[in-house]
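> generate a structure from the sequence data that follows.
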Amino acid sequence: MRRLAIILLASAAGIGLLAPRASASTPPTTDPGATAPSSTATDNATSNAGATDAADLAPVNVVQVSGLIDEILVDKIVTSLRDATTDGSQAVIFQFNSTGAVVSRDRMAYLLGVLRDSPVPIGIWVGPSGANLYGLGAQLLAAADATGMAPGAHIGKYGTPLLVPGVTVDFGDFNNVDDRLRTQGIGLQDARDSKALKLDITDEGVPSVKNMVLAMDGLHARGKVLATVSRTFDDNGGTQNNATLVRFFKLGLLNQLLHTVSSPAVAYLLFIVGLALLIFEFFTAGVGVAGVVGAACIVLSCYGLAALPTRGWAVAAILFSMFAFAIDVQVGIPRLWTGVGVVFFVIGSWFLYRDVLGADLRPSWITLIAGIGGILLTFIVGMPSMVRTRFATPTVGREWMIGEMGTAIADIGPEGIADVAGGRWRARTNRATPLKAGDRLRVVAIDGVTLEVEPEEGGAKDYREMRKKRGADGAADDEITDISPEANADVDATA
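The predicted model follows:
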């Protein structure tokens, strides 16, 4: 009992030491290492301290917007603002990393108007480090109440301003920054010096979303005063900034998939892979995994190509190249049509997309090398070898096929495919006696991996030889008559 009592007392003491002190308790979003972004934000935080705990502050929604701005992202931005008006959020921060927009100018003007009319204050943060906000998407900064950038981020290349009543796309005129922003990107330092950002901060940028939330504390926007920070004191007399609850939102699973396939590289690779798999499945004479996967790739790539600024003639060039490749795949040897396919495929791949404001949509060199190199290996090496293996047969042990009857699956003139003994075979016939699809044929020889065939009736005979005529009793009436040019010459000389 004595030992048990000692163990219980020791356990209680250990639990007491490990338990957090009441004066140090903070909401889940506390960031002890976060630096207050400005003296203004610090003063505001001080004014909030003692009156409101961070856990009692209204939350802030953070919506991630990454990649080219397409219909998926436009709908996400609009939906996020609508939801924020009903879920108790005091502000919405859009985290941008986009190099351009693939929707029309009218659609971007509509989006700019939605941001203008939102009853919830809006912040736009370009981050993390290395992120960009180029093209028409950069004009959204004009409709935000607070804008910030991470060190290493860039904004600009916004082109001609969108005409939206109540929104002036103007980023100041210091060192002609507005003119520079229309045609090129600028970094954090230039944006700060030119007052192109809408945050009164004294530190070097806004390195994280947490800093953006802290910097928006006390902001007067849309008839509201934001309270995003409270301050607590520890036992040592130090202060600690506690941010309000931050809720992160991103695309759902299906929308993520559709947004991903709408990127230039993914749509291009899915398109060519799907076409190659369908051609492969066609020559394997069945419906299997390759056909299903190829069809799925084609469907997804068509969605992506429709969302992107695609050149129709470039898509047609790629389709024609696949047709050209298939012609030589059928005979099992890369020849002229393979060369034609290579030329059309390279041209179609290079010019597949039109550029948009702020972004060059042409697939990267790595993507082009992977796509073009993969297709060349497939149709010059892989596919012909597969076809030869699929339709070939060794001659050893196949002599029984000589004399067998079959059917031409496709025209044989002189080469094609025949159905003999329940299998598909490469077949070749004399050019003078081509076979149509569905014609009956007879196997007369096996040459390597190819069956030599002739029509069931009316097969061509050697022009230098006439067969013996036989009477009713089976005896030969005439000997073989040689009517070759050499024999005729001898006859003329004798005469």
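> so who does Val164 touch?
With contacts defined as Cβ atoms under 8 Å, 6 or more residues apart in numbering, Val164 is in contact with 109, 112-113, 116, 143. For glycine as for every other residue, the C-beta is placed from the backbone atoms N, C-alpha and C.
> let me have these in a markdown table, extended by neighbour count.
Output for these, formatted as a markdown table (neighbours: other Cβ atoms under 10 Å):
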| residue | neighbour count |
| --- | --- |
| Ala109 | 16 |
| Leu112 | 22 |
| Gly113 | 16 |
| Arg116 | 15 |
| Ala143 | 23 |
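> got a markdown table for the residues you listed, with distance to Pro334 too?
Listed next are those as a markdown table, based on distance: Cβ to Cβ, whole Å:
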| residue | distance to Pro334 |
| --- | --- |
| Ala109 | 51 |
| Leu112 | 53 |
| Gly113 | 56 |
| Arg116 | 59 |
| Ala143 | 57 |
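> mind checking which of those residues are in strands?
Per DSSP state E, strands hold no members of the contacts of Val164.
> just the ones in helices from those, please.
Using DSSP state H, 109, 112-113, 116 are the members of the contacts of Val164 that sit in helices.
> and those as a markdown table, adding distance to Asn241 and pLDDT?
Putting the ones in helices among the contacts of Val164 into a markdown table (distance: Cβ to Cβ, whole Å; pLDDT from 0 to 100) gives the following:
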| residue | distance to Asn241 | pLDDT |
| --- | --- | --- |
| Ala109 | 38 | 94 |
| Leu112 | 33 | 93 |
| Gly113 | 35 | 93 |
| Arg116 | 31 | 93 |
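> what two of the residues you listed are the furthest from one another?
Spatial extent of the ones in helices among the contacts of Val164 (Cβ to Cβ) is set by the pair Ala109 and Arg116 at 10.4 Å.
> contacts only, for Ile375.
By Cβ under 8 Å, 6+ apart, the contact list for Ile375 reads 272, 276, 325, 345.
> 10 Å instead, please
272-273, 275-276, 318, 321-322, 325, 341-342, 345-346, 349, 383 (Cβ atoms under 10 Å, 6 or more residues apart in numbering).
> of those residues, which is the nearest to Gly166?
Gly166 lies nearest to Ser349 out of those, by Cβ to Cβ, at 44.0 Å.
> can you classify Leu305 as helix, strand or coil?
helix (DSSP: H, G, I helix; E, B strand; the rest coil).
> number of nearby residues for Gln256?
Neighbouring residues of Gln256 were enumerated by other Cβ atoms under 10 Å; the total is 12.
> related to what we said a few turns ago, for the contacts of Ile375, pick the one with the most neighbours.
Neighbour-wise, the contacts of Ile375 (other Cβ under 10 Å) top out at Phe325, 28 neighbours.
> okay, it and Ala359: tell me how far apart.
31 Å (Cβ to Cβ, to the nearest Å).
> ok, now Ala370?
20 Å.
> who's more crowded, those two?
Ala359 (20 against 16).
> surely that one is in contact with Val102?
Yes - between Ala359 and Val102 a contact is recorded at 8.7 Å, counting by Cβ atoms under 10 Å.
> joint contacts of the two?
Both Ala359 and Val102 are in contact with 68, 135, 264, 353, where contact means Cβ under 10 Å, 6+ apart.
> how many residues are close by the third one?
If I follow you right, that is Pro264. Quick note: Pro264 (other Cβ under 10 Å) scores 23 neighbours.
> now stretch 146-157: how far from the chain's centre is it?
Mean-position distance between stretch 146-157 and its chain equals 26 Å (Cα atoms, centre = their mean, to the nearest Å).
> span of it from start to end?
20 Å (Cα to Cα, to the nearest Å).
> tell me the domain boundaries of the protein?
Using automatic domain parsing, the domain ranges for the chain come out as 28-251, 275-391, 399-455, 465-495.
> low-confidence regions, the stretch 151-300 of the chain specifically.
Filtered on pLDDT under 70, the stretch 151-300 of the chain yields the residue ranges 172-178, 200-204, 234-235, 237, 285-287.
> quick one, helices of it?
177-183, 188-193, 209-215, 253-261, 264-283, 289-307 (DSSP state H, counting those that start in this stretch).
> what residues does Ala131 make contact with?
66, 95-99, 125, 149-150, 152-155.
> next, give phi and psi for it.
phi -80, psi 160 (degrees, to the nearest 10).
> ok, the contacts of Ile375 vs Leu57, which is closest?
Once Cβ to Cβ is applied, the member of the contacts of Ile375 that ends up nearest Leu57 is Val273, at 49.9 Å.
> re the thing from before, let's have the shared contacts of Ala359 and Val102 in CSV, adding secondary structure and distance to Gly374.
Shown next, in CSV, are these (DSSP: H, G, I helix; E, B strand; the rest coil; distance: Cβ to Cβ, whole Å):
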residue, secondary structure, distance to Gly374
Leu68, coil, 24
Gly135, helix, 31
Pro264, helix, 17
Tyr353, strand, 19
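> in JSON lines, list the residues you listed along with distance to Tyr303.
Output for those, formatted as JSON lines (distance: Cβ to Cβ, whole Å):
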{"residue": "Leu68", "distance to Tyr303": "14"}
{"residue": "Gly135", "distance to Tyr303": "22"}
{"residue": "Pro264", "distance to Tyr303": "13"}
{"residue": "Tyr353", "distance to Tyr303": "15"}
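> neighbours of the closest residue to Leu226 other than its chain neighbours, how many?
The shortest distance from Leu226 to any non-neighbouring residue, by Cβ to Cβ, 6 or more residues apart in numbering, is to Leu219 (4.6 Å). By the criterion of other Cβ under 10 Å, Leu219 has 23 neighbours.
> do Thr168 as well
Here the number of neighbours of Thr168 (other Cβ under 10 Å) works out to 9.
> what's the spacing between it and Gln184?
Thr168 sits 21 Å away from Gln184, taking Cβ to Cβ as the criterion.
> now the residue most central in space within the chain, nearest residue through space, not along the chain?
The chain has Val266 as the residue nearest its centroid, 2.0 Å off, counting by Cα atoms, centre = their mean. Once flanking residues are discounted, Val266 sits nearest to Thr260: 5.8 Å by Cβ to Cβ, 6+ apart.
> just to revisit the earlier point, from Leu257, how far off is the residue nearest to the centre of the chain?
10 Å.
> go on, Ser208?
Counting by Cβ to Cβ, the gap from Ser208 to Leu257 is 28 Å.
> again, but for Ile409
For Ile409, the distance to Leu257 - Cβ to Cβ - is 39 Å.
> and if you look at Gln64?
On the measure of Cβ to Cβ, Gln64 and Leu257 end up 16 Å apart.
> and what of Phe280?
Taken as Cβ to Cβ, the span from Phe280 to Leu257 is 24 Å.
> next one: Gly413
47 Å.
> just to check, the residue nearest to Val266 is in contact with Gly67?
Yes - using Cβ under 10 Å, Thr260 is in contact with Gly67, at 8.1 Å.
> which neighbours do those two share?
With Cβ under 10 Å, 6+ apart, Thr260 and Gly67 have common neighbours Leu251.
> for Ile72, list the residues it contacts.
Going by Cβ under 10 Å, 6+ apart, the list of residues near Ile72 reads 103, 251-252, 254-260, 262, 307.
> export these to JSON lines and tack on distance to Ala427?
Shown next, in JSON lines, are those (distance: Cβ to Cβ, whole Å):
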{"residue": "Val103", "distance to Ala427": "54"}
{"residue": "Leu251", "distance to Ala427": "54"}
{"residue": "Gly252", "distance to Ala427": "54"}
{"residue": "Leu254", "distance to Ala427": "49"}
{"residue": "Asn255", "distance to Ala427": "52"}
{"residue": "Gln256", "distance to Ala427": "50"}
{"residue": "Leu257", "distance to Ala427": "45"}
{"residue": "Leu258", "distance to Ala427": "46"}
{"residue": "His259", "distance to Ala427": "50"}
{"residue": "Thr260", "distance to Ala427": "46"}
{"residue": "Ser262", "distance to Ala427": "46"}
{"residue": "Ala307", "distance to Ala427": "46"}
